[in-house]
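*Asks:* give me coordinates for this.
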Amino acid sequence: MTSSRNEADLMDALPDETVASYLENHPDFFIRHPELSERIRIPHECGDAVSLLNYQVERLRERNRWQERRLHELVQVARENDRLAERLHRLTLDLMDSGDLDSVLHALREGLRGHFDADMVAVRLFDSGRLRDSHEEFIASGDAALAHFRRFIEDERPVCGNLPSEQADFLFGDSARKVASAALIPVADQRIMGLLAIGSYVRDRFHPSQGTVFLRQLGQVAGRALRPHLDRS
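*Replies:* Here you go, the predicted model:
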């Protein structure tokens, strides 16, 4: 009875942190006391207690399974990045082969549909001159509709997800209701020149948490391809 009371008093006197610190600083403790690895019983989430040794083995298995899943996810991301890089490369070559403004715009729209499986594509470029009379893609930089894009224009970075109805209507017109998700990309080369929208009928195709590195590069490539023709005009 006295022994049990002494053990209880000892456990009360030793906080969990002290025990944990001791075991961490003496990793050979269970080597010096191998019988404890089988005597110590640890409650299992299913109800049955398991030995410390079995518990450690299961923890290692869980950690290995987590690492395998993480490795699989990283491999999938790397493969998708490779595919995106290849698509962007092909689109860049198409834009480089375009000799005038119309062919650049055509290559951009068709390249996004063909290489990036876009369901819908919208290009809106800022211009206050005569280009607006001959190209539907051009809008005046003071157009009232651009008020819905003010924060996007100020931030100059891609946005993904479900676009507000005002933005979707402006970009996709009567087909806006078909667009379940979209990527909104600044077309920029030293300065923002317009915006590019890629629409998808799939709700999760574009979502706020996804990376935007390739989308930003896409906007820069488009801006670089368009700039000579805009300056010339």
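
*Asks:* please name every helix or strand in contact with the top helix by length along the chain.
*Replies:* Using DSSP state H, we find that the single longest helix of the chain is helix 52-96. Contact here means 3 or more CB pairs under 8 Å, 6 or more residues apart in numbering; DSSP states H and E; on that basis helix 52-96 packs against helix 36-39, strand 41-42, helix 101-115, helix 213-232. Where C-beta positions appear, they are placed from N, C-alpha and C, glycine not excepted.

*Asks:* turn the ones you listed into JSON lines, columns for mean neighbour count, mean pLDDT and distance to Trp66.
*Replies:* What follows is those, written out as JSON lines (neighbours: other CB atoms under 10 Å; pLDDT from 0 to 100; distance: least, CB to CB, whole Å):
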{"stretch": "helix 36-39", "mean neighbour count": "12", "mean pLDDT": "64", "distance to Trp66": "24"}
{"stretch": "strand 41-42", "mean neighbour count": "13", "mean pLDDT": "62", "distance to Trp66": "20"}
{"stretch": "helix 101-115", "mean neighbour count": "18", "mean pLDDT": "91", "distance to Trp66": "35"}
{"stretch": "helix 213-232", "mean neighbour count": "18", "mean pLDDT": "88", "distance to Trp66": "26"}
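
*Asks:* can I get the ones you listed in JSON lines with distance to Asp16?
*Replies:* Below are the helices and strands packed on helix 52-96 laid out as JSON lines (distance: least, CB to CB, whole Å):
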{"stretch": "helix 36-39", "distance to Asp16": "17"}
{"stretch": "strand 41-42", "distance to Asp16": "14"}
{"stretch": "helix 101-115", "distance to Asp16": "58"}
{"stretch": "helix 213-232", "distance to Asp16": "44"}
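
*Asks:* what residues are up against the closest residue to Ala168 other than its chain neighbours?
*Replies:* Sequence neighbours aside, Ala176 is the residue nearest to Ala168 in space, at 4.0 Å (criterion: CB to CB, 6 or more residues apart in numbering). Each residue near Ala176 by CB atoms under 8 Å, 6 or more residues apart in numbering is listed here: 165, 168-169.

*Asks:* which of the three states applies to Ala176?
*Replies:* Under DSSP: H, G, I helix; E, B strand; the rest coil, Ala176 falls in the helix class.

*Asks:* can you tell me how far it is from Ala225?
*Replies:* 27 Å (CB to CB, to the nearest Å).
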